[in-house]
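A.B. asks: Sequence first, then the predicted structure:
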Number of protein chains: 2
Amino acid sequence: MKTAALIMAGGRGERFWPRSRKNLPKQFLSMTDDGKTMIQLTVERIRPLVELEDVYVATNANYKELVLKQLLGLPKQNILCEPVGRNTAPCIGLGAVHIAKKYEDAVMLVLPSDHLIRCNDVFADTLRAAAAVAETGDNLVTVGITPNYPETGYGYIKYNKEARQGTAYAVERFVEKPDRETAKQYLAEGTYLWNSGMFAWKISTILKNFAKYLPETMAGLEKIRAAVGTPREDAVLQEIFPDFASESIDYGIMEKADHIFILPGEFGWDDVGSWLAVGRIRKTDEQNNVIAGNVISVNNRDCVVQGGEKLIAAVGLKDLIVVDTQDATLICAKESAGEIKKVLEALRSDGREEYL
Amino acid sequence: MKTAALIMAGGRGERFWPRSRKNLPKQFLSMTDDGKTMIQLTVERIRPLVELEDVYVATNANYKELVLKQLLGLPKQNILCEPVGRNTAPCIGLGAVHIAKKYEDAVMLVLPSDHLIRCNDVFADTLRAAAAVAETGDNLVTVGITPNYPETGYGYIKYNKEARQGTAYAVERFVEKPDRETAKQYLAEGTYLWNSGMFAWKISTILKNFAKYLPETMAGLEKIRAAVGTPREDAVLQEIFPDFASESIDYGIMEKADHIFILPGEFGWDDVGSWLAVGRIRKTDEQNNVIAGNVISVNNRDCVVQGGEKLIAAVGLKDLIVVDTQDATLICAKESAGEIKKVLEALRSDGREEYL
């Protein structure tokens, strides 16, 4: 059976302001030393499993040109532009009906476009195994990340070590972001994985589940499917999609459906959730700094300084993030990285759109 | 007797990089909320004692245009351009012979151009008293600052509370910058003042002292005096001045001469020695920040953020100095303000003159 992939690339990446802007979000930026953008790396690492003609990218119309420019050779019709954001369930449904139009059935991989993976080989092996489990039955398969510390920013998935399906385990339940104590408990129990938002299933399986758990969405998806490849395609999409209920695939289907399996992924995953990630991802100097661009550094430690054209002189800094761009410079304590959104709120409320 | 003033304005103000540059040092910048430059404030505060035509400014040729532009009405011939820096003794000698050419005798005030005074009235009264003590005899008078904490960055002057001359006290000795323990002792004793570099004496008195303690310099000064106002003036200055021994007035004369008096100054003095001073001088917000320019501030404390045109977003910072200019941005921990010179050293050794 063919394997196709849906890459979800509609995010705004506000936590990477000022490099990430509404017209150039995180997935289209390079965060690594190799200079490749995150979406380029995402496609590169699934190419051992999926032909480029079977790679679909869900995004919005603003980013269509960026996708075309960054993913050379990707068929234009594989870029699926959501008219509005309606969370992951409608997005995945849209991808599924497009793939369904092309193949009678296929295994569908669903992948975020803005995560990093250190070991591409292990990643490909894990996805291959997930695809195999998906293909053997009406299974909904997800890939979880083996946690190595009690993170409170991710959802967790509890699995049953005794109930296996090939290399996968039966999922017992999805749990929301825990508090610190609960996260420590999950880590100690050893049967919880981080929810990475990566999935594998057959098109036939996921559409059956849409029909069962999200029947209204399914009805709309049928209309879209009928129009794919016809002159009415875009008009139907614009008409139907905005009426979809906003729903995550986790809550809408995964937490309710049967035959949910999970594979533990141990391939050096990083969700690159904030500027802090750059300190983990990039090469550091002896004082654990990551410094690039037009920067003079004097006695700094544990800092990320992403300079641009303008000279930045950094002196005696500790645990700071500095990001310079053409029109804006961020200077942020590492422990305050979560407050960058307050800068964006201030810019919005002041009507300073040019900086967003 | 007339009172004239020599304002010393040849300093480079490197500790205020990147706003202070080799072509625009600290004394020509505004550090206060009123927008007036430091040299403008210096002249303004001595105007109750001195006519503008009797104000002399010692600087170097690079800054002549800045002086003319900032001190409107100052006679052009009152700008004395030192061909090279030779410390304060030759500079003061140059001022003295210029004033001597104009008046048979006069009281000469010597003032730095880059300090701030909070109480101009008290300052004028103190300088008036110093001038009176200077006029009554061959006295060399200095104004000391009553210390309010054990500063280790200034020289101290010990005086004798029992030996008075008008409102001034006899100086016992000049002492170098002390260590912390010694400074505490000075503070406890109550007979030490900070050396502020402000002086008052008659022209006749200071020239007698040059003749006695710095006879070679005096010989050169005589040649310069003879040439002042003649077509040879500049040529003689260029020939003689560079041969002067580099010497401070403190070491060259004050520490050796007789009849040294001091007046305690309590007029809210600040030498504006580094960016830290801005946090003391300017209005602070509730979190003790001084923030100006194109800045979005989120949860910062005890910071100085001097923004420019480019947007700076400052988030979660503590005890930091941020100074943005057209081509360079400084980000410096307050406790590392002394290391800004290392940035300049790096720029020099990299040949990046455009930033100096």
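C.D. replies: Received the coordinates, thanks.
A.B. asks: What does the residue nearest to the spatial centre of chain A show for phi and psi?
C.D. replies: With distances taken as CA atoms, centre = their mean, A:Pro112 lies nearest the centre of chain A, 2.4 Å away. Dihedral pair for A:Pro112: phi -70, psi 160, per degrees, to the nearest 10.
A.B. asks: doesn't A:Gly197 make contact with it?
C.D. replies: Yes: with contacts counted by CB atoms under 8 Å, A:Pro112 reaches A:Gly197, the gap being 5.1 Å. No exception for glycine: its C-beta is placed from N, CA and C like everyone else's.
A.B. asks: Hmm, A:Ala314 is touching A:Val298, no?
C.D. replies: Yes: between A:Ala314 and A:Val298 there is a contact under CB under 8 Å: 7.0 Å.
A.B. asks: Which one of those two is surrounded by more residues?
C.D. replies: Neighbour tally, A:Ala314 and A:Val298, criterion other CB atoms under 10 Å in any protein chain shown: the higher count belongs to A:Ala314, 26 against 18.
A.B. asks: other SSEs contacting the helix or strand where the more buried one lies?
C.D. replies: Applying DSSP states H and E as the criterion places A:Ala314 in strand A:311-315. Applying 3 or more CB pairs under 8 Å, 6 or more residues apart in numbering or on different chains; DSSP states H and E, we find strand A:311-315 packed against strand A:295-298, strand A:320-324, strand B:328-333, helix B:340-349.
A.B. asks: mind listing what's buried in the longest one?
C.D. replies: Within helix B:340-349, the residues that count as buried by 16 or more other CB atoms under 10 Å in any protein chain shown are B:Ile340, B:Lys342, B:Val343, B:Leu344, B:Leu347.
A.B. asks: how close does the first one sit to B:Ile99?
C.D. replies: Relative to B:Ile99, B:Ile340 is positioned 36 Å away (CB to CB, to the nearest Å).
A.B. asks: Beyond the helix or strand bottoming out on mean pLDDT in chain A, next helix or strand please.
C.D. replies: Lowest by mean pLDDT, DSSP states H and E among the helices and strands of chain A is helix A:276-281, with a mean of 89. Sequence-wise, the next helix or strand downstream of helix A:276-281 (DSSP H and E) is strand A:290-292.
A.B. asks: Mind listing residues that contact that following strand?
C.D. replies: Identification of contacts with strand A:290-292 by CB atoms under 8 Å, 6 or more residues apart in numbering or on different chains yields A:278-279, A:282-285, A:297, A:300, A:303-307, A:314.
A.B. asks: again, 7 Å this time
C.D. replies: The contact list for strand A:290-292 (CB atoms under 7 Å, 6 or more residues apart in numbering or on different chains) reads A:Val278, A:Gly279, A:Arg282, A:Thr284, A:Asp285, A:Ser297, A:Val304, A:Val305, A:Gln306, A:Gly307.
A.B. asks: same check, this time on stretch A:22-42
C.D. replies: A:7, A:9, A:11-13, A:16, A:19-20, A:62, A:66, A:70-71, A:111, A:113-114, A:116, A:272, A:277-278, A:281-283, A:356.
A.B. asks: hang on, the earlier thing: just the angle for the strand holding A:Ala314 relative to strand B:320-324, thanks.
C.D. replies: 170 degrees (axes from the mean of the first three to the mean of the last three CA atoms, to 10 degrees).
A.B. asks: Just the CA atoms of stretch A:196-206, as PDB, please.
C.D. replies: Provided in PDB are the C-alpha atoms of stretch A:196-206 (Å, rounded to 0.1, in the frame of the first residue of the first chain):
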ATOM      1  CA  SER A 196       4.000  14.600  19.600                       C
ATOM      2  CA  GLY A 197       1.100  15.100  17.200                       C
ATOM      3  CA  MET A 198       2.400  12.500  14.700                       C
ATOM      4  CA  PHE A 199       0.000   9.900  13.400                       C
ATOM      5  CA  ALA A 200      -0.300   7.000  11.000                       C
ATOM      6  CA  TRP A 201      -3.500   5.400   9.700                       C
ATOM      7  CA  LYS A 202      -5.100   4.200   6.600                       C
ATOM      8  CA  ILE A 203      -7.300   6.700   4.700                       C
ATOM      9  CA  SER A 204     -10.200   4.300   5.000                       C
ATOM     10  CA  THR A 205      -9.700   4.000   8.700                       C
ATOM     11  CA  ILE A 206      -9.500   7.700   9.500                       C
END
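A.B. asks: and A:Glu339, what does it touch?
C.D. replies: B:Val298, B:Asn299, B:Val315, B:Gly316.
A.B. asks: Give the burial count for the residue in the stretch 51-200 of chain A positioned nearest to chain B, as a bare number.
C.D. replies: When scored by CB to the nearest CB, the stretch 51-200 of chain A has A:Gly153 as its residue closest to chain B, at 17.5 Å. A:Gly153 sits with 12 neighbouring residues when counted by other CB under 10 Å.
A.B. asks: Tell me the secondary structure at it.
C.D. replies: Secondary structure for A:Gly153, judged by DSSP: H, G, I helix; E, B strand; the rest coil, is coil.
A.B. asks: Across the sheet, point out what pairs with the residue lying closest to A:Leu193 once chain neighbours are set aside.
C.D. replies: Leaving aside its chain neighbours, A:Leu193 sits nearest to A:Gly144 (2.6 Å; criterion: CB to CB, 6 or more residues apart in numbering or on different chains). Counting by DSSP bridges, A:Gly144 is bridged to A:Asn195, A:Pro264.
A.B. asks: Around chain B, which positions in the stretch 151-300 of chain A sit nearby?
C.D. replies: Contact residues, the stretch 151-300 of chain A versus chain B (CB under 7 Å from any CB of the partner chain): A:Ile296, A:Val298, A:Asn299.
A.B. asks: Between the residues you listed, which sits nearest A:Ala245?
C.D. replies: A:Ile296 (53.3 Å; CB to CB).
A.B. asks: What residues are bridge-paired with the nearest residue to the closest one once chain neighbours are set aside?
C.D. replies: With CB to CB, 6+ apart as the criterion, A:Ile296 has its nearest non-adjacent residue at 4.7 Å, and that residue is A:Ala313. Beta bridges link A:Ala313 to A:Ile296, B:Leu330, judged by DSSP bridges.
A.B. asks: And the one 10 residues further on, by the same measure?
C.D. replies: According to DSSP bridges, the partner residues bridging A:Val323 are A:Gln306, A:Leu330.
A.B. asks: Hmm, it is touching A:Phe16, no?
C.D. replies: No: using CB atoms under 7 Å, A:Val323 is not in contact with A:Phe16, being 8.2 Å away.
A.B. asks: Quick check: neighbours shared by these two?
C.D. replies: In contact with both A:Val323 and A:Phe16: A:Trp275, using CB under 7 Å, 6+ apart.
A.B. asks: Which residue ranges make up each domain of chain A?
C.D. replies: A:3-270, A:276-355 (automatic domain parsing).
A.B. asks: and the last one, how far from the chain's centre?
C.D. replies: The gap between where domain A:276-355 is centred and where its chain is centred comes out at 23 Å by CA atoms, centre = their mean, to the nearest Å.
A.B. asks: Do me a favour and get the end-to-end distance for it?
C.D. replies: Domain A:276-355 has an end-to-end distance of 22 Å (CA to CA, to the nearest Å).
A.B. asks: Would you quantify the distance from the nearest residue to A:Arg118 once chain neighbours are set aside to A:Met198?
C.D. replies: By the measure of CB to CB, 6+ apart, the closest residue to A:Arg118 outside its immediate chain neighbours is A:Gly268, 2.5 Å from it. Using CB to CB, we find A:Gly268 at a distance of 14 Å from A:Met198.
A.B. asks: what about these two, which has more around it?
C.D. replies: More crowded of A:Gly268 and A:Met198, by other CB under 10 Å: A:Met198, with 22 against 13.
A.B. asks: Test my guess that the more buried one contacts A:Ile145.
C.D. replies: No: contact criterion CB under 7 Å: A:Met198 and A:Ile145 do not qualify, at 9.0 Å.
A.B. asks: Please give me every residue in contact with the nearest residue to A:Ala183 once chain neighbours are set aside.
C.D. replies: Counting by CB to CB, 6+ apart, A:Pro150 is the residue found nearest to A:Ala183 once chain neighbours are left out, at 3.5 Å. The contact partners of A:Pro150, by CB under 7 Å, 6+ apart, come to A:Arg180, A:Ala183, A:Lys184, A:Leu187.
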